[in-house]
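J.: just the structure for this:
(chains A and B)
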Number of protein chains: 2
Amino acid sequence: MKLGLNLSFAVKRWMKPDVLAKMCADDFGVKHIQFTWDLADPWWPEAERDAVARTYAAAFDRAGLSIDATFGGLAAYSYPQLLAPSREVRDVSEAFFKRAIDMTRAMGVKVMGTPLGGMDYADARNPDVRAERYKTMLQSVRNLAAYGKLKGLDHIEIEATPLITEFPHSPDAAVKLMQDLEGTDIPVMLLIDWGHALFKPLLKEEADIALWFKKCKNHIGAIHLQQTDGRWDRHWDFTNPEGILTPEIIARETRKAGLDHIIQYLEVVTIFEDTDEHVYDGMKKTMDLLNKAFSA
Amino acid sequence: MKLGLNLSFAVKRWMKPDVLAKMCADDFGVKHIQFTWDLADPWWPEAERDAVARTYAAAFDRAGLSIDATFGGLAAYSYPQLLAPSREVRDVSEAFFKRAIDMTRAMGVKVMGTPLGGMDYADARNPDVRAERYKTMLQSVRNLAAYGKLKGLDHIEIEATPLITEFPHSPDAAVKLMQDLEGTDIPVMLLIDWGHALFKPLLKEEADIALWFKKCKNHIGAIHLQQTDGRWDRHWDFTNPEGILTPEIIARETRKAGLDHIIQYLEVVTIFEDTDEHVYDGMKKTMDLLNKAFSA
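T.: Numbering: from 1, shown residues only, chains lettered A, B, ... in the order given. Sure thing, here's the model as predicted:
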């Protein structure tokens, strides 16, 4: 099984590339890294942005780690992106994701992933508008795949999120999205997050990882790991006593589904006002637990 | 006393300008609005960004409401901004805040506010580097004030945050910052947030709103309202039963400090996966409570 690490835990805490890369390699014992756009914003002016992003890429390379993908973070997720109510904002979002592809390739990375965005209250509840938002989103993703091919991207990963105002939110919606995106210029795959998949208030009896894995198996490009209570999308580390997951459950379900070859990136979203020391301690204990379970 | 509303509650939920403005005016009975950059990103290409931002400004104007200020949201707060470890990112942040001033003025608004950013773990703990970060930040704020004057901005508001890795985090640090920024081309003032000011784990006996108000009084440009438990920076609405604040405490302390003339913007940060219906219900009840206490 393959353990990876999304750099979300480091946002606004450990921003020096060499220090961060060394922490990931030596303290956390991880090989696979998913870079978050919260460390370098695709919107930043290209010269500065790519200089910053390349410094991270070089530092992780020196530390012997592989940045396998870049992924949208909290900042990008704060905007409605491809599902915005206004045409201007949807167009701006497509431009944003193209810039994210540029940054990804500037780092020498071949996979870019993101959630797709969120709908306005009224749009999400009007079947006709909802269908229209879905349709224009599909076209934008096709455009991004075409742009990605041109730039040498290998594939795009779309994250399933636990909101009825976003696409896709359920196993069936995820499979349908993959079918509707057949024939893109480069493959479009799914990223499944344990905490999103187990979000009870929305998914009810479908909050079942075995169901997600079974239905989506052929489309899964990567997985996000987090501790959760199933009541909210927690993104806790695994020291939280209220969590319903264990490294053993994760290992067992992954093997049962035949997904041992897929990288599972731990994605811990920290509370800004938490101390760096507390965050580090939780990350260290969590990575020790996960490394043990993944290599058992 | 003056009640206001930051549009943070509407992010990714109610993005249609006329619907949102009508909700604020008719349902929430508020007159003063603080626009959040989470609805229009200062980084967006200028033409589209200003078109979107102006649509909001026009809608609120039609509804008879005043957008008194624009303010940084969750997306902007996800980056280290003016306190980043690398020169490139600090320069990019100054450019970002200039763009925020442009957007603010495009909306016909005269006040721009934001937290300043966050330091890297090592920088925050090294007294020499910490002093250097503080110094370059002061120069950047001076540059922003000069730019703001050129563009017709009235003043800038800097938010105090409950982190030792940010400036300013305490009443004394806030007053010192104001002293160190004397003589800027337009005034730089403080925005005090009830939840930040009452954050016990960092501030201990200084987690005392009367102390903040007393020390900072002459520099306060605006206030953020939120319900909190004092243990984390919650940004709850006022229906949460674990909150330590009441509208009555807020009214009493504000009057006691002689800050009745300062606008207090409710800033609720919602959980993305919460339902729109639940968020609306909490906002409606909260604004009813606050309106009652503020007009009593």
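J.: C-alpha only now, for contacts and for neighbours.
T.: OK.
J.: how about the residues of the stretch 151-296 of chain A near chain B?
T.: A:162-163, A:232-233, A:273, A:276 (C-alpha under 8 Å from any C-alpha of the partner chain).
J.: farthest pair within those?
T.: Across those, no pair lies farther apart than A:Leu163 and A:Asp276, at 30.3 Å, counting by C-alpha to C-alpha.
J.: circling back to that earlier point, which one of the residues of the stretch 151-296 of chain A next to chain B is nearest to B:Ala210?
T.: A:Glu273 (22.0 Å).
J.: identify the residues contacting A:Pro115.
T.: A:72, A:77, A:158-161 (C-alpha atoms under 8 Å, 6 or more residues apart in numbering or on different chains).
J.: now, which of the residues you listed lie within strands?
T.: Residues of these located in strands (DSSP state E): A:158-159.
J.: could I get the contacts of A:Pro115 as JSON lines with neighbour count?
T.: Converted to JSON lines, the contacts of A:Pro115 look like this (neighbours: other C-alpha atoms under 10 Å in any protein chain shown):
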{"residue": "A:Gly72", "neighbour count": "23"}
{"residue": "A:Tyr77", "neighbour count": "19"}
{"residue": "A:Ile158", "neighbour count": "25"}
{"residue": "A:Glu159", "neighbour count": "27"}
{"residue": "A:Ala160", "neighbour count": "23"}
{"residue": "A:Thr161", "neighbour count": "27"}
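J.: reformat the contacts of A:Pro115 as a markdown table; add pLDDT.
T.: Formatted as a markdown table, the contacts of A:Pro115 follow (pLDDT from 0 to 100):
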| residue | pLDDT |
| --- | --- |
| A:Gly72 | 98 |
| A:Tyr77 | 98 |
| A:Ile158 | 98 |
| A:Glu159 | 98 |
| A:Ala160 | 98 |
| A:Thr161 | 98 |
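J.: wasn't A:Pro168 part of a helix?
T.: No - assigned with DSSP: H, G, I helix; E, B strand; the rest coil, A:Pro168 falls outside any helix and is coil.
J.: which pLDDT does the model give it?
T.: Note on A:Pro168: pLDDT of 98.
J.: doesn't A:Met178 make contact with it?
T.: No - A:Pro168 is not in contact with A:Met178 according to C-alpha atoms under 8 Å; the separation is 9.8 Å.
J.: chain A: strands as residue ranges?
T.: If you assign secondary structure with DSSP E, the strands in chain A sit at A:2-6, A:32-36, A:66-71, A:111-114, A:155-159, A:188-193, A:220-225, A:263-266.
J.: what would these look like in CSV with distance to B:Trp43?
T.: Listed next are these as CSV, based on distance: least, C-alpha to C-alpha, whole Å:
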stretch, distance to B:Trp43
strand A:2-6, 24
strand A:32-36, 18
strand A:66-71, 19
strand A:111-114, 19
strand A:155-159, 23
strand A:188-193, 27
strand A:220-225, 28
strand A:263-266, 29
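J.: once you drop chain neighbours, what's closest to the closest residue to chain B within chain A?
T.: Of all residues in chain A, A:Ala75 sits closest to chain B, at 3.8 Å by C-alpha to the nearest C-alpha. Leaving aside its chain neighbours, A:Ala75 sits nearest to B:Ala75 (3.8 Å; criterion: C-alpha to C-alpha, 6 or more residues apart in numbering or on different chains).
J.: same question, A:Ala122
T.: Leaving aside its chain neighbours, A:Ala122 sits nearest to B:Trp14 (7.9 Å; criterion: C-alpha to C-alpha, 6+ apart).
J.: make sure that neighbour is actually in contact with A:Ala124.
T.: No - look at B:Trp14 against A:Ala124 with C-alpha under 8 Å: they stay out of range, at 10.8 Å.
J.: pick out whichever of those two has more residues nearby.
T.: Ranked by neighbour count (other C-alpha atoms under 10 Å in any protein chain shown), B:Trp14 and A:Ala124 place B:Trp14 first, with 23 against 20.
J.: report the separation between that one and B:Arg130.
T.: Distance of B:Trp14 to B:Arg130, computed by C-alpha to C-alpha, to the nearest Å: 40 Å.
J.: same thing with A:Asn6?
T.: Applying C-alpha to C-alpha to A:Asn6 and B:Arg130 gives a distance of 28 Å.
J.: stretch A:104-123: end-to-end distance?
T.: Stretch A:104-123 has an end-to-end distance of 32 Å (criterion: C-alpha to C-alpha).
J.: quick one: residues contacting A:Leu191.
T.: Shown in contact with A:Leu191 (C-alpha under 8 Å, 6+ apart): A:113, A:157-160, A:220-224.
J.: what's the closest non-adjacent residue to it?
T.: Leaving aside its sequence neighbours, A:Leu191 sits nearest to A:Glu159 (C-alpha to C-alpha, 6+ apart; 4.5 Å).
J.: that neighbour and A:Gly113 touch, don't they?
T.: Yes - counting by C-alpha under 8 Å, A:Glu159 touches A:Gly113, with 7.2 Å between them.
J.: list the contacts for A:Val92?
T.: Contact partners of A:Val92, counting by C-alpha under 8 Å, 6+ apart, are A:81, B:44-45, B:48.
J.: so which of these is the most crowded?
T.: Most surrounded of these: other C-alpha under 10 Å gives A:Gln81, at 24 neighbours.
J.: next one: that residue from B:Ile271, what distance?
T.: For A:Gln81, the distance to B:Ile271 - C-alpha to C-alpha - is 18 Å.
J.: A:Asp172 too?
T.: Taken as C-alpha to C-alpha, the span from A:Asp172 to B:Ile271 is 24 Å.
J.: likewise A:His155?
T.: 30 Å.
J.: tell me which other helices or strands the longest helix seen in chain A touches.
T.: Scanning chain A for the longest helix, with DSSP state H as the assignment, gives helix A:127-151. With contacts defined as 3 or more C-alpha pairs under 8 Å, 6 or more residues apart in numbering or on different chains; DSSP states H and E, helix A:127-151 has these neighbours: helix A:87-106, helix A:121-125, strand A:155-159.
J.: could you say which of those is packed most deeply?
T.: Mean neighbours per residue, mean count of other C-alpha atoms under 10 Å in any protein chain shown, is largest over the helices and strands packed on helix A:127-151 for strand A:155-159, with a mean of 24.
J.: can you list the strands that it pairs with?
T.: strand A:111-114 (parallel), strand A:188-193 (parallel) (DSSP bridges).
J.: and the last one with helix A:127-151, angle?
T.: If you take axes from the mean of the first three to the mean of the last three C-alpha atoms, to 10 degrees, strand A:188-193 sits at 110 degrees to helix A:127-151.
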